[in-house]
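> need a 3D model of the following:
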Amino acid sequence: MAAPRTERLLNLVICLLASTRFVTKEQVRRAVPQYADCATDEAFERMFERDKDDLREMGIPLETGSNDVLFDDEIGYRIPRDAYALPEIAFDSQELAVLGVAARMWQHATLAGATGRAIRKLESAGIDVDREALSVVEPRIDAAEPAFAALWDAVQQRRRVRFEYARGGGTAARRVVQPWGLVSWHGRWYIVGHDEDRDDTRVFRLSRILGEVSAVGAAGSVVVPPGVDISASVRMLAQPAPTQMARLRIATGRALPLRRLGAVVAEEPDAMVVDVPFDDVEQLASTITGFGPSVLVISPDELCDAVARRLTSTLRALAVTGSGEPS
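Predicted coordinates:
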């Protein structure tokens, strides 16, 4: 999806989600900056209709209705917060401590740039805005791989890196790489750069990096080729196809992003049994751990072991810091 279209759809979601009342089509046109660039009414109508269809295809619920109980000739739109937001997730104190150590999250400001202008336009038009409702569209990027911090520093400093990398057959090899950038693609982090041993552009999945990443050489020694497209390199070179199937028991109303990845094979009174395809045991284990007790691994055994290792390691870290006790 092109960046301008993505920004327009996000602004439309925020516009319809933040309002406490139905927003008319004309109010939407004035509030969303990209719609103001439409040269004609017809162009706006076509764009708005396409955008509504796109939101519905993404699973975002749109309500239509009128703010006037007596006259319903002026139809408006809104996104009901209770239907769009994920259900509340409850953890006890120990589970919260585990998740706090196991997951490192980046949280970005909800209102910025064109989005902030859209909200101000709604408010100036006399529309009540609930800014708290926007928390459900606040982006969060998981950066829990151990190698992330060292690679991020190396990219910023333009330094070469050396690390052990697990290849497809399970064997490890040492790589020396000139890092160009980090990319999150389909829930996984990749480092893109020049592999000095192979003298070619390579993409490495962070979850397959073993041990520590060492920075070598002077800062500024890595030069990114002009015109290189980091994201395109990942899309072209990193196309993992699921090779295994995990069977998970997911509590009802919990771990919705994980549940959407698979197919429901059985329903229980308080849970669903879901088959989820995957190709990287450690990556899936990291995702499952983030959902706490809401997800139970039924099979395969290597996935059970990977989740258990992560939880055990976290509990040990809590014991060392005095934040909790290992069980």
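
> roughly how far does residue 250 sit from residue 220?
48 Å (Cβ to Cβ, to the nearest Å). C-betas here are computed from N, CA, C, even on glycine.

> meant to ask about residue 299, not that
Residue 299 is 49 Å from residue 220, by Cβ to Cβ.

> who has more neighbours out of the two?
Shown here are residue 299 and residue 220; by other Cβ atoms under 10 Å, residue 299 has more neighbours (13 against 9).

> partners of that one in the sheet?
Beta bridges link residue 299 to residue 247, judged by DSSP bridges.

> low-confidence stretches in this structure?
For the chain, applying pLDDT under 70 flags the ranges 1-4, 68-73, 81-144, 168-170, 186-187, 236-242, 317-327.

> mind listing the helices for it?
Remark: helices assigned in the chain by DSSP state H are 3-18, 25-31, 33-36, 41-57, 81-84, 93-102, 113-124, 148-157, 230-237, 256-259, 281-290, 301-321.

> right, and these - which one's nearest residue 74?
Smallest distance to residue 74 across the helices of the chain (Cβ to Cβ): 8.9 Å, for helix 25-31.

> in terms of secondary structure, what does that closest one contact?
Contact analysis of helix 25-31 by 3 or more Cβ pairs under 8 Å, 6 or more residues apart in numbering; DSSP states H and E lists helix 3-18, helix 33-36, helix 41-57, strand 76-78, helix 113-124 as its packing neighbours.

> deepest of these, which one?
strand 76-78 (a mean of 21; mean count of other Cβ atoms under 10 Å).

> that strand pairs with which strands?
Checking strand 76-78 against DSSP bridges gives partners strand 23-24 (antiparallel), strand 63-65 (antiparallel).

> including distance to residue 268, could those strands go into a markdown table?
Below are the strands paired with strand 76-78 laid out as a markdown table (distance: least, Cβ to Cβ, whole Å):
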| stretch | distance to residue 268 |
| --- | --- |
| strand 23-24 | 41 |
| strand 63-65 | 32 |
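
> now, of the ones you listed, which is deepest in the fold?
strand 23-24 (a mean of 20).

> those strands in the stretch 151-300 of the chain, which residues are they?
160-166, 172-185, 188-195, 200-205, 209-216, 244-251, 263-268, 271-278, 295-299 (DSSP state E, counting those that start in this stretch).

> nearest to residue 28, of those strands?
Of the strands of the stretch 151-300 of the chain, nearest to residue 28 by Cβ to Cβ is strand 172-185, at 30.6 Å.

> surely residue 60 touches residue 10?
No - assessed by Cβ atoms under 8 Å, residue 60 is found out of contact with residue 10, at 10.8 Å.

> who touches both of these two?
Shared contacts of residue 60 and residue 10, defined by Cβ atoms under 8 Å, 6 or more residues apart in numbering, are absent.

> fine, thanks again, bye for now.
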